[in-house]
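Enquirer: here is my input; please provide its structure:
(2 chains)
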Number of protein chains: 2
Amino acid sequence: MSTTLGWTIQDWLKFHANSVPETSLQSLLDVVTFVSSSKDPVWISIANEETITHQWNILQSKSNKEKLPLYGVPVAVKDNIDVREFPTTGACPAYEFTPTEDATVVKLLKSCGAIVIGKTNLDQFATGLVGVRSPYGKPTSVFSEKHVSGGSSSGSAVAVGRGIVPLSLGTDTAGSGRVPAMLNNLIGVKPSRGALSCSGVIPACKSLDVVSIFALNLSDAQYAFNLLAKPDLANDCYSRAMPENPLFKFYSGPNQKIKIAIPANMPWYGESENPKLFSKAISEFKTLENVEISTVDFTKLLDLAKCLYEGPWVAERYAALEKFYESNPDPKSLDATVYKIVQTAKNFDAKDAFNYEYKRQTILQDIKQSLLEKFDVFIVPTAPLNPTLKDLEDEPIKVNSYQGTWTNFVNLADLAALSIPTGFRSDGLPFGVTLLGNTFTDYALLDLAQQYLTKIHPSRFIGGLKHKTVGTGDHLDYSIQQRIAGESSTSIELAVVGAHLKGLPLNWQLDKVNATFVEATTTSKDYKLYALPKTGPVLKPGLRRVEVGGANIEIEIYSVPTSRFGEFISMVPQPLGIGSVETSKGKWVKSFICEEAGYTTKGSVDITSFGSFKKYVQSLESNTSGLLGAKKVSF
Amino acid sequence: MSTTLGWTIQDWLKFHANSVPETSLQSLLDVVTFVSSSKDPVWISIANEETITHQWNILQSKSNKEKLPLYGVPVAVKDNIDVREFPTTGACPAYEFTPTEDATVVKLLKSCGAIVIGKTNLDQFATGLVGVRSPYGKPTSVFSEKHVSGGSSSGSAVAVGRGIVPLSLGTDTAGSGRVPAMLNNLIGVKPSRGALSCSGVIPACKSLDVVSIFALNLSDAQYAFNLLAKPDLANDCYSRAMPENPLFKFYSGPNQKIKIAIPANMPWYGESENPKLFSKAISEFKTLENVEISTVDFTKLLDLAKCLYEGPWVAERYAALEKFYESNPDPKSLDATVYKIVQTAKNFDAKDAFNYEYKRQTILQDIKQSLLEKFDVFIVPTAPLNPTLKDLEDEPIKVNSYQGTWTNFVNLADLAALSIPTGFRSDGLPFGVTLLGNTFTDYALLDLAQQYLTKIHPSRFIGGLKHKTVGTGDHLDYSIQQRIAGESSTSIELAVVGAHLKGLPLNWQLDKVNATFVEATTTSKDYKLYALPKTGPVLKPGLRRVEVGGANIEIEIYSVPTSRFGEFISMVPQPLGIGSVETSKGKWVKSFICEEAGYTTKGSVDITSFGSFKKYVQSLESNTSGLLGAKKVSF
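Expert: Below you'll find the model as predicted:
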């Protein structure tokens, strides 16, 4: 097992690609042997040789199995999510049942080739942010046996933090996927509500629950999110499809930076070191050239957070558990704190539920105008504290509620969240921040995190694995973005030929409309290219289709979301326009074209011989005369 | 008064425009004198001379008052909506209070120049669909003193139905704006939720309430909706702005009709004549050439309807009235049926509220896929029955619930609705249907209703005014649409020059992307126009900017929603493109342009001398040679 410890998804895929199936299977069996012997309260159920072999055989029977994106990758699943090979307990022995079906997200994992190693511990029924509310034991932080792992997805976080699996599923209603990510130095993806199916998950607050992802680095997080974010409308009433053209990065360009807000007043509950680490992280973000950070009043968001635990949403927990609690379960099976919390549901009647919903809508209406329309991203501490087991013994509810300060409001406000590590305290414990963005900005949050982590922490170690540096693991895989854009039926392929080419001054206009680079190619040989007389700061080209004398002209093709095409075309000045061009492969795509009146204007230069506007521009830069190889147009 | 009886908004505006202020004021005073003497239970409060004069004087003090869109138009307001000059009662004497502010919708009416004549009766606290649940008396249908007016907006409907005012406000949570529209032969607009502010309205079910509009004809309904649909985010947590480019009509064109669904199985509760009237109305809709009607299973919508009255939403009514009911109001002040209904709120706890919300979301998820994505419009009976006062005495709750069959689900499903008259029974009572469309299709529903009413019932009489035929009143005012499109910051002006011109074969492509005609004009004199060689079924033009030999070419400018521009450009084939053109006023707008390769192709015809592609096409039609006045291009 020691060899695979700390392997990322990509490490596992590489290993399997270079192994015979027997070796691959053995590596997975070694993982469960190791886990079984560890007696770690991280696990509620662990696969045995039979369950691993069974999953392995199913995988082997698949056609094209080697191409599966998670072929043979071991994963862990929080024990409130159904996996057919294991009982589901919700961390409550008396609740245990054997599911007849995999949860939708588990089906997806398996269909991608993943092997489920075991089910992980949690705050009972996912009610908690600490990880100690479980009769199955208390997982501790990978950095300290005295400190809690955070919860409720405690086991799933620690399983990744220890490097046993590169990927695990948690759930996150009020912070359960983010707080433990911070306390174990992980990436925690809290997807937009509905992006991942909750079918087959024991509900906590069904209207707010999401399935979350733990990973060691950003690229694994992006990879897994992409595989799991699939609509499941038939099985989950809150499921929503991601937009066909999701935002891949927050726009920044000439005169516009990514607008980030941080809270003006922050409660730290007596903690003294984490505030400094938060300030440090913000100073580091400020070194990114394309961001602009403002300090903003977050009172409304904190008011919203209070609604969650003070208000009637606890009745959702009761709605999910009523039958179970009424069946007189063995009290030893119940976590006393969780039981007490869920019973408070009875204090709320339907009128309270509506009154709090009005309160929430009033706050949301305000937040929308005061925050969401003004900022792209909010950065908050993931959690204020790194609590010890003793802290929780002393104050089981208060410390838990402190930990939710920056997480509780997020699903109520329908935001996407990404929890990332930003550094370590003097006692060696980790700290982290959470990036929050509007619904379905999940990919864009990953992009911002990439900018930060690759610049500020390029050699950080991952999880609790002090010997394992991140390498290129925080670099996102651009091909995922290209594939999503390429598969979109709601985007238009556009060929650019001049100042919009990569590295040239108007390329930002493509970023601005969330366009994705598809390929560099050339036109058919039937085009001439002109440099138009310079009328503004930017030199523009004119493409002219001809019957004779043409050449293959270099173009770049971008996928532009159809709904943003109008915004793009608004920026295109006369004599240019958007028409169609024939590529060298004989395909017609939308493209910049030019009116005859453009390239016949005095001062136009025929630059067809360069075969490329970029090469012409480069020649100008290395040649003051700028006319080498170009000839004045003569009409 | 008799002279103004049955006047529409436009009649009133015309009258005031041709009167001196004293005459105008007197006409309004005559209305209140008439109303006061009628002792009609329609009214809870009636303006006196002082309140009318007060409002009139404020109006007279306004600058530009003659241009106000409702200058001096008398209106009635349901007595659950605050108007400063009157107490608000909600049809409950003990609840009465004097508002210090106008409700937002009333502010808008007054700022447009309207004069509030009085406050109208309703089912107490807007709880009912019958109009008999009020200690202020029982308004009856304008067609029969034995039949109910429908409710809860009973008084507002009858005030318009009798022709006293041309416009009144109701509210509609579960059908209160639609059922009485049918029973009084009116247009009832049930706007998309949040489109009209509910600030200053006594909540019924706050999460579902809307302010509704009664009018005598479609153009008044459209006119009023346009004036009142304004966001009020600061005061109403459910307020939403209409889209900047609302859908003005459901698209129909080559190979695509407006897709209408009607219910497969319809409960009629023993009624025998209305089913025939419904079938007749559907047969009439089928005569519209651009619609396609399918019979569809509406069970899911009926399930949703049941949620409203069986489920916890009644707790919203209690949430709004708890303090009042707990103040031990005089029992004589309370309608016993309403009281009994609202008290059932106590049967629901917060858990029930969430469980029903899950049920609703599950149904909505299903409806979205099975109905909303497949159909543009649903047509349902507005109400199944025309009940008598006696029917209600016998069965005060059952008959009421029957009446909500086709209205109860609408706000839960976030649909827009428009109730229109479709004919009369043999006993002279009216029947009507409701057109339902997705959120914010309010204008498009009006357009479909216009098609139906102007074709099928061009001479119908309005309200209860058998001598008053509708005239042109069901013809919508196209300039409202043009103004909205013109003011949109999210649309692009596009000049079309060829087959997209009005009456030519590709004009439908502009409809398809919800574009609005702005103006017909010409290019600057620097353009030549060509007819390109015909390569497909449609003849295409090529516009060429030239330094000499050009002419002013006729163009039409359309406002295209920016978000739909990409969809439009997808339909533009090579050698055409979208660039920019200079108009005769020297303004540059986006426009069709043409590559040189287009108009230099053999077979292109210089048609500049026609000055218009349309004129060229017309000349072809009247001239088989087709080349009269055109000359072959010679390059």
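Enquirer: would you mind naming the helix or strand containing A:Glu567?
Expert: helix A:565-569 (DSSP states H and E).
Enquirer: mind listing what's buried in that helix?
Expert: Judged by neighbour count using 16 or more other Cβ atoms under 10 Å in any protein chain shown, the buried positions of helix A:565-569 are A:Phe565, A:Gly566, A:Glu567, A:Phe568, A:Ile569. Where C-beta positions appear, they are placed from N, C-alpha and C, glycine not excepted.
Enquirer: quick one: low-confidence parts of the stretch 251-400 of chain A?
Expert: Within the stretch 251-400 of chain A, no stretch has pLDDT under 70.
Enquirer: mind listing the strands for it?
Expert: A:258-263, A:291-296, A:377-381 (DSSP state E, counting those that start in this stretch).
Enquirer: run the chain-centre distance for the last one.
Expert: Centroid displacement of strand A:377-381 relative to its chain, using Cα atoms, centre = their mean, to the nearest Å, is 15 Å.
Enquirer: check what pLDDT the residue nearest to the spatial centre of chain A gets.
Expert: For chain A, A:Asp442 is the residue whose C-alpha lies nearest the centre (Cα atoms, centre = their mean; 4.5 Å). pLDDT for A:Asp442: 98.
Enquirer: for the nearest residue to it once chain neighbours are set aside, give the beta-bridge partners.
Expert: Leaving aside its sequence neighbours, A:Asp442 sits nearest to A:Ala416 (Cβ to Cβ, 6 or more residues apart in numbering or on different chains; 4.6 Å). When assigned by DSSP bridges, A:Ala416 has beta-bridge partners A:Gly437.
Enquirer: burial measure for A:Ala416, as a count.
Expert: 26 (other Cβ atoms under 10 Å in any protein chain shown).
Enquirer: that one is in contact with A:Leu436, isn't it?
Expert: Yes. With contact defined as Cβ atoms under 8 Å, A:Ala416 and A:Leu436 form a contacting pair (7.2 Å).
Enquirer: now list whatever residues contact both of these two.
Expert: A:Leu445 (Cβ atoms under 8 Å, 6 or more residues apart in numbering or on different chains).
Enquirer: circling back: counting by contacts, list what the helix holding A:Glu567 packs against.
Expert: Counting contacts by 3 or more Cβ pairs under 8 Å, 6 or more residues apart in numbering or on different chains; DSSP states H and E, helix A:565-569 packs against strand A:491-496, helix A:508-512, helix B:565-569.
Enquirer: now those in a markdown table, with distance to A:Leu334?
Expert: A markdown table is the format used below for these (distance: least, Cβ to Cβ, whole Å):
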| stretch | distance to A:Leu334 |
| --- | --- |
| strand A:491-496 | 52 |
| helix A:508-512 | 53 |
| helix B:565-569 | 56 |
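Enquirer: nearest to B:Ala76, of these?
Expert: helix B:565-569 (43.4 Å; Cβ to Cβ).
Enquirer: ok now that closest one, how far from the chain's centre?
Expert: 27 Å.
Enquirer: A:Leu371: neighbouring residues, count only.
Expert: Residues lying near A:Leu371 (other Cβ under 10 Å) number 19.
Enquirer: so what's it up against?
Expert: A:Leu371 neighbours (Cβ under 8 Å, 6+ apart): A:Ala261, A:Val296, A:Lys300, A:Leu301, A:Phe378.
Enquirer: can you tell me which of the helices and strands packed on helix A:565-569 comes nearest to B:Ser45?
Expert: Of the helices and strands packed on helix A:565-569, the one closest to B:Ser45 (Cβ to Cβ) turns out to be helix B:565-569, at 51.1 Å.
Enquirer: how about residues contacting the closest one?
Expert: For helix B:565-569, using Cβ under 8 Å, 6+ apart, the contacting residues are A:492, A:560-566, A:569, A:578, A:590, B:492, B:494, B:509-510, B:512-513, B:515, B:560, B:578.
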